[in-house]
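Chemist: Sequence and predicted structure below; questions after.
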Amino acid sequence: MTDFASLLVPDRGQQARPIHLVDKDSFAAWLKKRPAEDRALLEAQRFDGKTAYAFAILPRGNEFEVVSAVKNATELSPWCLASLAGKLPEGTYKLAHGQPGKAALGWLLAQHRFDAYRSKKDDSERGPRILVSGEPARIEATVRLAQATALVRDLVNTPAADLGPAELEVAAAGLANRTGAQLNVIGGEELAVGYPLIAAVGAAATPERAPRLIELEWGKPEDPRVAIVGKGVCFDSGGLDLKNASGMRIMKKDMGGAAHALALAQLVIENRLPVRLHLVIPAVENAVSGASYRPGDIVRSRKGLFVEIDNTDAEGRLILADALAKAAEGQPELIVDFATLTGAARVALGPDLPATFVNRDDLAGELEAAAREAEDPIWRMPLWDPYDEQLKSDVADLSNTSGNAMAGAVYAALFLRRFVPSDIPWAHLDTWAWRDSAKPGRPKGGEALGLRAVWAFLEGRYLQG
Ligand code: BES
Ligand code: ZN
Ligand code: ZN
């Protein structure tokens, strides 16, 4: 992984190439104060200070300065230096005025590459570094955030053939080994008895890709319990209700929720948040074989509710049902789950906005505020009570779909709610975990969406509170 820590350098007055940030309001005034030759240099590079993320080079002898246009030069967004960081040559840079602040994250992430499957690696060993003054702890926190984001991207981008339930377990074990957290993995007969829905969804996979429940516990028992749950469907073929080719094409990303959960757990532990953490990841492959679970099958869930399988492609909510039930048994003061749960959430909100369902208004408000602050947007959707009865089954306690084509993300969330005791504050993020087209610092492919929002919320509540 990119060595992010080497790219944010404490400012001790080292030599560094200045980066001037301008926006359309400040450009003219800035230009007036520059040496006369700069005007011609900028004109030659067609730099007008208005096109966001455009930049120009101002030679100074053997060295150079940089000027870059941003949308707002007084309030830097996380991504406003990302385009620049992706293009500048190696060397040390510093902002001519002020500090990178939030933009340090984009500086780092712009330099992350997923090149495990490229025979020719990017040959630039090190990218541009930027000087940051102030608390070293701020630098470390930004580096951790970049690492967590990169972890989500890498896990999601890794093909399903190389990232099955066993490899998700390895990723969790790695975190446990590095940090002294306690890992517990349940499979085989114990899974079949204790987590029947997880076992049913994973039944068709080959033995090496057998379903399992991955749990990690960390922190002092006396600290407030927080549970983080993530959907770990390492590939979603749809099962016997098989997806079509285009629907299946990017389903290696269906463990994106688990990747978010793991990355969030990593942030909690590395930042030593004073909580008792319980990470719960149901890991399966939704495959097809003679052992597949079937439409019409009825499975008694961990909680005791009998679930009729209407559609084997609505598998995420099934494995999460048992995982949420397990999380709730610890009586945490908060449960957060991440899941690439429905296509309907994308129809409603598009790829960039995780649909967020919360069973408490105050918690929803705090999450939304944290998301705004972190510039990692989420959007609340309703747990609409009157729809709940649509989850009825003719023969069992409930069905895994509503049987109609509307409000799919809401029904999925209502299904999950049946497995979360109403007295436990709970937030469910139906995230896309994927970027369909690149933006500065954010390549096409696996992406953390909602991770920084929830982290900012937890940090605000438990670290500063
Ligand atoms: N993993 C999918 C949801 C999904 C689909 C995420 C496309 C991202 C892109 C999930 O398991 C699924 O297939 N959901 C179905 C539910 C339906 C069968 C009730 C869906 O959303 O179509
Ligand atoms: Zn599915
Ligand atoms: Zn799925």
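Modeler: Right, received. Where do you want to start? Numbering: from 1, shown residues only. Ligands and ions are numbered 1, 2, ... in the order given.
Chemist: Please give me every residue in contact with the residue lying closest to L449 once chain neighbours are set aside.
Modeler: Spatially, and ignoring its direct neighbours in sequence, L449 is nearest to T431 (4.8 Å; Cβ to Cβ, 6 or more residues apart in numbering). All C-beta spots, glycine's among them, are computed from the backbone N, C-alpha and C. By Cβ atoms under 8 Å, 6 or more residues apart in numbering, the residues touching T431 are 256-257, 260, 338-340, 345, 354, 449-450.
Chemist: what about 7 Å?
Modeler: 256-257, 260, 338, 340, 354, 449-450 (Cβ atoms under 7 Å, 6 or more residues apart in numbering).
Chemist: out of those, who's nearest ligand 1?
Modeler: Among those, T340 lies closest to ligand 1 (Cβ to the nearest ligand atom), at 4.4 Å.
Chemist: Now the phi/psi pair for whichever residue of the chain sits closest to ligand 2, please.
Modeler: Nearest residue of the chain to ligand 2 (Cβ to the ion) works out as D313 at 3.8 Å. Torsion angles at D313 (phi, psi; degrees, to the nearest 10) stand at phi -90, psi -10.
Chemist: Could you report the distance from it to A160?
Modeler: According to Cβ to Cβ, to the nearest Å, D313 and A160 sit 16 Å apart.
Chemist: Show me which residues of this structure are close to ligand 3?
Modeler: 233, 236, 254, 316 (Cβ under 5 Å from the ion).
Chemist: And for the second one, the neighbour number?
Modeler: As a burial measure, the neighbour count of D236 was computed by other Cβ atoms under 10 Å and equals 27.
Chemist: I figured it was touching K252, is that so?
Modeler: No: D236 lies out of contact with K252 (Cβ atoms under 7 Å); the separation is 8.8 Å.
Chemist: Tell me, how many residues neighbour A456?
Modeler: Going by other Cβ under 10 Å, the residues that sit close to A456 add up to 21.
Chemist: list the contacts for it?
Modeler: 370, 373-374.
Chemist: Make TSV out of those and add distance to P332.
Modeler: Formatted as TSV, the contacts of A456 follow (distance: Cβ to Cβ, whole Å):
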residue	distance to P332
A370	19
E373	24
A374	23
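Chemist: Quick one, which of the residues you listed are buried?
Modeler: Neighbour-count burial (16 or more other Cβ atoms under 10 Å) applied to the contacts of A456 gives 370, 374.
Chemist: how about CSV for the contacts of A456, with pLDDT, distance to ligand 1 and secondary structure added?
Modeler: CSV is the format used below for the contacts of A456 (pLDDT from 0 to 100; distance: Cβ to the nearest ligand atom, whole Å; DSSP: H, G, I helix; E, B strand; the rest coil):
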residue, pLDDT, distance to ligand 1, secondary structure
A370, 98, 24, helix
E373, 97, 27, helix
A374, 98, 23, helix
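Chemist: With adjacent residues omitted, what lies nearest to S68?
Modeler: F55 (3.9 Å).
Chemist: coming back round to it: was I right about the residue of the chain closest to ligand 2 contacting G239?
Modeler: Yes: the pair D313 / G239 is scored as a contact, 6.2 Å apart, by Cβ under 7 Å.
Chemist: Just give me the closest of the residues of the chain next to ligand 3 to D23.
Modeler: Of all those, D23 sits closest to D254, with 40.3 Å by Cβ to Cβ.
Chemist: Report the separation between the closest residue to ligand 1 within the stretch 351-465 of the chain and E308.
Modeler: Nearest residue of the stretch 351-465 of the chain to ligand 1 (Cβ to the nearest ligand atom) works out as T401 at 4.3 Å. According to Cβ to Cβ, T401 and E308 sit 10 Å apart.
Chemist: Tell me which residues touch K24, please.
Modeler: Residues near K24 by Cβ under 7 Å, 6+ apart: 49-50.
Chemist: Name the SS class of it, please.
Modeler: coil (DSSP: H, G, I helix; E, B strand; the rest coil).
Chemist: Tell me, what's the model's pLDDT at it?
Modeler: pLDDT, K24: 95.
Chemist: buried set for stretch 328-340?
Modeler: Quick answer for stretch 328-340 (16+ other Cβ under 10 Å): 328, 330, 332, 334-340.
Chemist: How many residues are close by the residue nearest to S68?
Modeler: F55 has 20 nearby residues by other Cβ under 10 Å.
Chemist: still on that earlier bit, could you dump the buried residues of stretch 328-340 to CSV with pLDDT?
Modeler: Shown next, in CSV, are the buried residues of stretch 328-340 (pLDDT from 0 to 100):
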residue, pLDDT
A328, 99
G330, 98
P332, 99
L334, 99
I335, 99
V336, 99
D337, 99
F338, 99
A339, 99
T340, 98
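Chemist: Now flag whichever of those is closest to ligand 3.
Modeler: Looking across the buried residues of stretch 328-340 and measuring by Cβ to the ion, the closest to ligand 3 is T340, at 6.1 Å.
Chemist: was I right about the closest one contacting G256?
Modeler: Yes: contact criterion Cβ under 7 Å: T340 and G256 qualify, at 4.5 Å.
Chemist: picking up where we left off before, contacts only, for the residue nearest to S68.
Modeler: Residues in contact with F55, defined by Cβ under 7 Å, 6+ apart, are 66-68, 84.
Chemist: between those residues, which is nearest ligand 1?
Modeler: Distances from ligand 1 to these, taken by Cβ to the nearest ligand atom, are shortest for L84, at 32.3 Å.
Chemist: Which stretches in the stretch 301-450 of the chain count as strands?
Modeler: Ranges of strands in the stretch 301-450 of the chain, per DSSP state E, counting those that start in this stretch, are 306-308, 334-339, 355-358, 379-380, 398-399, 426-430, 434-435, 445-446.
Chemist: what distance separates stretch 189-196 from the centre of its chain?
Modeler: Between the centre of stretch 189-196 and the centre of its chain there are 29 Å (Cα atoms, centre = their mean, to the nearest Å).
Chemist: do the same with stretch 217-231
Modeler: 18 Å.
Chemist: Please see if it touches ligand 1.
Modeler: No: residues of stretch 217-231 are not located near ligand 1 by Cβ under 6 Å from any ligand atom, the shortest gap being 8.0 Å.
Chemist: export that stretch as CSV, just CAs?
Modeler: Provided in CSV are the C-alpha atoms of stretch 217-231 (Å, rounded to 0.1, in the frame of the first residue of the first chain):
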residue,chain,number,x,y,z
GLU,A,217,-13.9,-7.6,19.8
TRP,A,218,-11.7,-4.9,21.1
GLY,A,219,-11.6,-2.4,23.9
LYS,A,220,-12.3,-2.3,27.6
PRO,A,221,-15.3,-4.2,28.7
GLU,A,222,-16.5,-1.2,30.8
ASP,A,223,-16.5,1.2,27.9
PRO,A,224,-19.8,1.7,25.9
ARG,A,225,-20.5,-1.1,23.5
VAL,A,226,-20.7,-0.2,19.8
ALA,A,227,-21.4,-2.9,17.2
ILE,A,228,-20.4,-2.5,13.5
VAL,A,229,-21.9,-4.9,11.0
GLY,A,230,-21.1,-5.3,7.3
LYS,A,231,-22.6,-7.3,4.5
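Chemist: And ligand 2, is it touching that?
Modeler: No: using Cβ under 5 Å from the ion, we find that stretch 217-231 stays clear of ligand 2, coming within 9.8 Å at best.
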